[in-house]
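Asker: fold the following and give me the result.
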Amino acid sequence: MKILTIIVSYNFMPWLHRCIDSMLYSDYPSDIMVLDNGSSDETVAHIRKEYPQVRLIENGRNLGFGAANNIGMQLAIKEGYDAVLLLNEDAWLYHNTLGVLAKAAAEHPEYGVISPVHLTGKGDKPEHGFSQYTGLTQIDDNIKDKKNEKPAGNVYSEPVAVPFINAAIWLIRTEVLKKVGLFAPIFYHYGEDKDMANRMAYYHYKIGYVPTVFACHDREFRQPTRERFFHTEKVYHLSEYTNPNHNFGTAFAHGILAVGKKVLSAFLKGKWKDAGDYIKIANTLLLQTKAVIHARSISKHVDLKNYKV
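Answerer: Now for the predicted structure:
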């Protein structure tokens with residue numbers, strides 16, 4: 001399986017070596033592409049100097065996560081790759097992980113997305129978001145050693161199906177991308193993976209992880225804030241509004257009317273600021289209705305030309 005690893009970077013330096021080195025020293029080879037979204041640190045210069053084997057594309061501005069990844073996925077399809085590994089800049093893989101994911105993807109074409117277990121940046125436990133999506137709260141030390149090294153023995157196991165895994169580490173066959181499309185242009189940053197997961201379900205693909213291989217996702221330092229919470233709420237309801245598994249009436253109910261219920265609930269609890277923020281979300285989503293209808297259309301009638309930046 002010929003794989004292109006796609007990394008979208010924005011001020012990548014804190015994780016650059018761990019991320020790229022994990023792919024260079026992987027037991028299973030892949031080509032590596034970094035798409036830089038206008039970093040203001042030394043990312044670009046450092047990659048040019050230290051990693052000449054990495055294909056670097058400078059976008060010149062911050063296109064967002066989805067649009068930048070789409071450039072890489074379009075090139076992977078055009079250039080005949082069998083699969084892409086979407087890898088966050090703040091994530092890195094164990095030596096044996098990619099080979100096991102490739103084997104799982106080849107043997108289980110019913111899976112649109114295959115992922116490893118996502119650990120914290122310290123590698124000591126499942127990352128919080130991954131635990132929420134999968135229900136996996138601890139790991140077996142007999143399978144994973146504490147030095148972040150390759151476990152001994154046969155690590156392959158059957159993938160475990162779950163409704164969603166965030167796109168920090170996704171292996172996707174290019175044949176799947178041709179059927180489900182790329183990241184929807186309506187999403188700039190966050191929510192694009194939930195939308196694609198909805199489309200995976202629409203086209204009858206599963207999402208899953210292999211429980212015996214690992215990667216680290218270093219995001220536990222990000223503290224929850226009010227602004228981040230309401231941004232998450234907005235993109236979640238937008239992903240429900242664009243969800244092709246719902247007819248438009250049901251999508252409107254999940255996307256808009258559900259926010260209205262949260263407005264009412266906040267008013268009844270005397271949380272006036274929360275109510276105001278939910279009203280803003282509802283208004284924003286309503287103003288995006290035309291774009292949502294377009295997004296729903298291109299999700300149901302896939303043409304990769306619709307995803308060009």
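Asker: from here on, just use CA atoms for contacts and neighbour counts.
Answerer: Fine.
Asker: so the residue nearest to the spatial centre of the chain, which state does it fall into?
Answerer: Central residue check for the chain by CA atoms, centre = their mean: the C-alpha nearest the mean position is that of residue 167, 1.5 Å away. The three-state label given to residue 167 by DSSP: H, G, I helix; E, B strand; the rest coil is coil.
Asker: could I get the contacting residues of it?
Answerer: Neighbouring residues of residue 167 by CA atoms under 8 Å, 6 or more residues apart in numbering: 86-88, 193.
Asker: neighbour-wise, which of those leads?
Answerer: Compared across the contacts of residue 167, residue 87 has the highest neighbour count, 26 neighbours, by other CA atoms under 10 Å.
Asker: name whatever forms a beta bridge with that one.
Answerer: residue 169 (DSSP bridges).
Asker: which residues touch the helix or strand harbouring residue 239?
Answerer: Secondary structure here is read from DSSP states H and E; on that basis residue 239 sits in helix 226-241. With CA under 8 Å, 6+ apart as the contact definition, helix 226-241 has outside contacts at 187, 190-192, 194-195, 248, 251-252, 254-256, 259, 277-278, 281, 285, 292.
Asker: now stretch 263-279
Answerer: Outside stretch 263-279, the residues that touch it by CA under 8 Å, 6+ apart are 230, 259-260, 262.
Asker: so which of these is the most crowded?
Answerer: Of all the contacts of stretch 263-279, the most densely surrounded is residue 259 (23 neighbours; neighbours counted as other CA under 10 Å).
Asker: can you pull the pLDDT of that residue?
Answerer: Residue-level confidence at residue 259 comes out at 97, pLDDT.
Asker: in this structure it contacts residue 283, no?
Answerer: No: between residue 259 and residue 283 no contact is recorded; they are 9.9 Å apart, counting by CA atoms under 8 Å.
Asker: the strands in the chain, which residues?
Answerer: 3-9, 31-36, 55-58, 83-87, 91-93, 111-119, 160-162, 169-173, 206-217 (DSSP state E).
Asker: so which of those is nearest residue 137?
Answerer: Among the strands of the chain, strand 111-119 comes nearest to residue 137, with 10.1 Å by CA to CA.
Asker: what distance separates that closest one from the centre of its chain?
Answerer: 10 Å (CA atoms, centre = their mean, to the nearest Å).
Asker: which secondary structure elements does it contact?
Answerer: Helices and strands touching strand 111-119, by 3 or more CA pairs under 8 Å, 6 or more residues apart in numbering; DSSP states H and E, are helix 97-107, strand 169-173, strand 206-217.
Asker: other SSEs contacting the last one?
Answerer: In other words, strand 206-217. In terms of contact count using 3+ CA pairs under 8 Å, 6+ apart, strand 206-217 is assigned the packing partners strand 91-93, helix 97-107, strand 111-119, strand 160-162, helix 192-202.
Asker: and stretch 169-176, what's buried?
Answerer: Residues of stretch 169-176 classed as buried under the neighbour-count rule (16 or more other CA atoms under 10 Å) are 169-174, 176.
Asker: let me know the angle separating the helix holding residue 239 from helix 192-202.
Answerer: Using axes from the mean of the first three to the mean of the last three CA atoms, to 10 degrees, the direction of helix 226-241 lies 20 degrees away from that of helix 192-202.
Asker: send the alpha carbons of helix 226-241 over as PDB?
Answerer: C-alpha atoms of helix 226-241 as PDB (Å, rounded to 0.1, in the frame of the first residue of the first chain):
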ATOM      1  CA  ARG A 226     -15.800  29.700  27.300                       C
ATOM      2  CA  GLU A 227     -14.900  30.800  23.700                       C
ATOM      3  CA  ARG A 228     -13.700  27.300  22.800                       C
ATOM      4  CA  PHE A 229     -16.800  25.700  24.200                       C
ATOM      5  CA  PHE A 230     -19.200  27.900  22.200                       C
ATOM      6  CA  HIS A 231     -17.100  27.400  19.100                       C
ATOM      7  CA  THR A 232     -17.400  23.700  19.600                       C
ATOM      8  CA  GLU A 233     -21.100  24.000  20.000                       C
ATOM      9  CA  LYS A 234     -21.300  26.000  16.800                       C
ATOM     10  CA  VAL A 235     -19.400  23.600  14.600                       C
ATOM     11  CA  TYR A 236     -21.200  20.600  16.100                       C
ATOM     12  CA  HIS A 237     -24.600  22.000  15.200                       C
ATOM     13  CA  LEU A 238     -23.300  23.000  11.800                       C
ATOM     14  CA  SER A 239     -22.200  19.400  11.300                       C
ATOM     15  CA  GLU A 240     -25.700  18.300  12.200                       C
ATOM     16  CA  TYR A 241     -27.200  20.900   9.700                       C
END
